[in-house]
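Visitor: dropping a prediction and its sequence here:
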Amino acid sequence: MQWLMKFRVLWGIRKPYRGFHPAPGYLRCQSLSGVGALRWNDYDVPEEFNFASDVLDYWTQMEKEGKRGPNPALWLVNNQGDELKWSFGELTDLSRRAANVLTQTCGLQQGDRLALILPRVPEWWLVVIGCIRAGIIFMPGTIQLKAKDILYRLQASKAKGIVTTDTLAPEVDSLASECPTLKTKLLVSDHSHQGWLDLRSLIKSASPDHTCIKSKTVDPMAIFFTSGTTGFPKMVKHCHGFALRSSLPSCRKMLQLKTSDILWCFSDTGWILALCGCIMEPWAVGATLFIHHLPQFDPKVIEQMLLKYPITHSLAVPLVYRMILRHASTSLRFPTLEHCITGGEALLPEDQEEWRRRTGLLLYEIYGQTETGISCGTPQGMKIKPGSMGKSIPPFDIQIIDDQGNTLPFNTEGNIGIRMKPTRPIGLFMGYEDNPVKTAEVECGDFYNCGDRATMDEEGYIWFLGRKDDIITASGYRIGPAEVENALAEHPAVAESAVVSSPDPIRREVVKAFIVLTPEFLSHDRDQLTKELQQHVKSLTAPYKHPRKVEFVSELPKTITGKIKRSDLRKKEFGQM
Ligand SMILES: Nc1ncnc2c1ncn2[C@@H]1O[C@H](COP(=O)(O)OP(=O)(O)OP(=O)(O)O)[C@@H](O)[C@H]1O
């Protein structure tokens, strides 16, 4: 590939440099506190903040002064063994050029919206940072989007521009006439395409001189579309303050990255985790971001990369770790890996245990939403309680609340709420764009209601039960699907399961499990297996939680992020689909 330059791998021996610097964004918070600063919870927040100028340019300067180690800021590899390494200096230079392309060549202005649908190519980072420099609101989307998804996003956001690859360019062309606001089409490709501007060559020839905008901390920075697990994707708007969160000491405790660390974040470039894990978290502290192009998910490749490269931290959904465990040999020892983080869906305690047994490492869980970024978790060193998502990360104050916003006692089921009054914590979304009704719906007393059900124990650990709509009310009991699915997962016959409510003439609602069998059990007697699985759940959880109905399926309906669409299964059960 043209964009990948061959570099000699200099990392045969890991450099002993273990620098640790205070995150520059936080220094700015401190230095500006009191001088026109907003006060959000216990943190003084500067009135102006821009991740590109306040953080990235700081590390560029540190590099110039020889105060940062030799490791790159971005380290990208692909299956062919090609590598690209950019220092912060190179990142700054190229992202300034990208900002000039967007503003001068494309005529985009501060506040304009740009859809960004790219795989893990370096231009993704250049466009995001270029947008931050120019104040253009970027809207990442996954490359798995289909024409109708793209149309919905372009129309709903009134996007003025789009950046994508030649795979999706024909789709965009087919719908462009229905998007009157769309003026600029930028292509990242080795080939030219009529009607599209060639981003790579434009960046190459653009000027590296660019003056970063002075963005207010509360100015909009990005719009993310939710995964649409429960309906049409919503436009979640985040301000520049979102990018400041990773610099706060309380947030840095989560990953505890040092300048010399190398984080591999697996997130799709379309999801908010990519902004947190592929930009803010590593670069707030001047650490290295490692990315594998990974066009197809391949656990064998992941295992090889973890053995070959000096990666110290990994951040991935539970499925990634589960797939590595399934495909790898018995013992897995990664020479440099120190800290593994996971989130986005429930982590099964049995995966947690197996990962520990086979790698000698713990899996630290985080929880978050498009609206919140990472909002709770178990920081390195904090006791892990398997099955719990950890504690809230300040400035977020998570409480379990009822539907009126009253906080509930410990160990009582309720909604996960993030306190937003009297002060809205930095990093919480600004609202759903063009949707004041939905925005008001999620406000619940002094809290933002996440729409998930959980309990909190006396030590502040949060225990996820399920999405509000997924909770099953059967025979007067309230049952979270996660508890039943966790129990089912411990049976060797179960590869995957989804537990939903199903109508019943006597009990009105009962627990139903949709089960994908492991290959070894495909030929087993289904009636016998049903009884065995019911008995198995009864032996692990309260018997009223066992699935009275069981259906064996070849696959489960999922969103493009791989999340199970329980709402589809439920609707089918109730004859609504
Ligand atoms: N550690 C975790 N354990 C269990 N569930 C999690 C965890 N982390 C995230 N989740 C789930 O993922 C949800 C956030 O996902 P996301 O923001 O991508 O949108 P979505 O809720 O799937 O989409 P939509 O709002 O359109 O239905 C959380 O509300 C929660 O249900």
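Guide: Yes, it's here.
Visitor: show me the contact partners of stretch 443-452.
Guide: 230, 369, 371-372, 375, 399, 401, 403-406, 415-422, 428, 442, 464-469 (C-beta atoms under 8 Å, 6 or more residues apart in numbering). Any C-beta I mention is one placed from the backbone N, CA and C, and that applies to glycine too.
Visitor: what's the spacing between the residue of the chain most remote from its centre and the ligand?
Guide: Here the chain reaches farthest from its C-alpha mean at I506, the gap being 41.9 Å by C-alpha atoms, centre = their mean. For I506, the distance to the ligand (C-beta to the nearest ligand atom, to the nearest Å) stands at 31 Å.
Visitor: roughly how far does that residue sit from E490?
Guide: I506 is 29 Å from E490, where distance means C-beta to C-beta, to the nearest Å.
Visitor: swap in H524?
Guide: 17 Å.
Visitor: quick check: buried residues in the longest helix belonging to the chain?
Guide: Using DSSP state H, we find that the single longest helix of the chain is helix 526-540. By 16 or more other C-beta atoms under 10 Å, the buried positions in helix 526-540 come out as 529-530, 533-534, 536-537, 540.
Visitor: so which of these sits lowest on pLDDT?
Guide: Lowest pLDDT among the buried residues of helix 526-540: L540, with 85.
Visitor: return the residues in contact with it.
Guide: By C-beta under 8 Å, 6+ apart, the contact list for L540 reads 487, 490.
Visitor: how near is it to R453?
Guide: 20 Å.
Visitor: check P386 too.
Guide: For P386 relative to R453 (C-beta to C-beta), the value is 19 Å.
Visitor: next one: phi and psi at D504?
Guide: For D504, the backbone dihedrals (degrees, to the nearest 10) come out as phi -150, psi 130.
Visitor: poorly predicted segments of the stretch 451-577 of the chain, please.
Guide: 560-561, 577 (pLDDT under 70).
Visitor: residues in the chain within reach of the ligand, list them.
Guide: 226-230, 233-234, 343-346, 365, 367-370, 389, 450, 452, 464, 467, 563 (C-beta under 6 Å from any ligand atom).
Visitor: could you dump the helix or strand just after the longest helix of the chain to PDB, C-alpha only?
Guide: Counting by DSSP states H and E, the next helix or strand C-terminal to helix 526-540 is strand 549-552. The C-alpha trace of strand 549-552 is given here as PDB (Å, rounded to 0.1, in the frame of the first residue of the first chain):
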ATOM      1  CA  LYS A 549     -38.300 -21.800  26.800                       C
ATOM      2  CA  VAL A 550     -35.100 -22.700  24.800                       C
ATOM      3  CA  GLU A 551     -34.600 -22.300  21.100                       C
ATOM      4  CA  PHE A 552     -31.500 -23.400  19.300                       C
END
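Visitor: just checking: what are the partner strands of strand 549-552?
Guide: strand 508-517 (parallel) (DSSP bridges).
Visitor: buried set for the partner strand?
Guide: Quick answer for strand 508-517 (16+ other C-beta under 10 Å): 509-515, 517.
Visitor: the closest residue to the ligand within the stretch 51-200 of the chain: what secondary structure?
Guide: Residue of the stretch 51-200 of the chain nearest the ligand, by C-beta to the nearest ligand atom: T142 (11.0 Å). Secondary structure, DSSP: H, G, I helix; E, B strand; the rest coil: T142 is coil.
Visitor: that one and D149, how far apart?
Guide: From T142 to D149 the distance is 9 Å (C-beta to C-beta).
Visitor: just the CA trace of stretch 384-403, in CSV.
Guide: C-alpha atoms of stretch 384-403 as CSV (Å, rounded to 0.1, in the frame of the first residue of the first chain):
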residue,chain,number,x,y,z
ILE,A,384,-11.5,-6.9,40.6
LYS,A,385,-14.9,-8.4,41.5
PRO,A,386,-15.7,-10.7,38.7
GLY,A,387,-19.1,-9.8,37.2
SER,A,388,-18.8,-6.1,38.3
MET,A,389,-17.9,-3.2,36.0
GLY,A,390,-16.0,-1.4,38.7
LYS,A,391,-16.6,2.0,40.2
SER,A,392,-17.5,5.4,38.7
ILE,A,393,-14.6,7.4,37.4
PRO,A,394,-14.6,11.1,38.7
PRO,A,395,-15.7,13.6,37.7
PHE,A,396,-18.6,11.2,36.9
ASP,A,397,-20.6,10.4,40.0
ILE,A,398,-22.6,7.3,39.2
GLN,A,399,-25.5,6.4,41.4
ILE,A,400,-28.3,3.8,41.1
ILE,A,401,-31.5,5.8,40.8
ASP,A,402,-35.2,5.2,40.5
ASP,A,403,-37.3,6.5,37.6
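Visitor: mean confidence score for that stretch?
Guide: Here the average pLDDT along stretch 384-403 is 95.
Visitor: and it, how far from the chain's centre?
Guide: 18 Å (C-alpha atoms, centre = their mean, to the nearest Å).
Visitor: what residues of it count as buried?
Guide: Applying 16+ other C-beta under 10 Å to stretch 384-403 flags 384-401 as buried.
Visitor: and the helices in the stretch 101-250 of the chain?
Guide: Using DSSP state H, counting those that start in this stretch, the helices found in the stretch 101-250 of the chain span residues 122-134, 147-157, 169-175, 199-205, 241-244, 249-255.
Visitor: kindly compare burial across these and name the winner.
Guide: Across the helices of the stretch 101-250 of the chain, averaging neighbours per residue (mean count of other C-beta atoms under 10 Å) puts helix 241-244 on top, at a mean of 28.
Visitor: and that one, what does it pack against?
Guide: Applying 3 or more C-beta pairs under 8 Å, 6 or more residues apart in numbering; DSSP states H and E, one finds that helix 241-244 contacts helix 24-32, strand 220-225.
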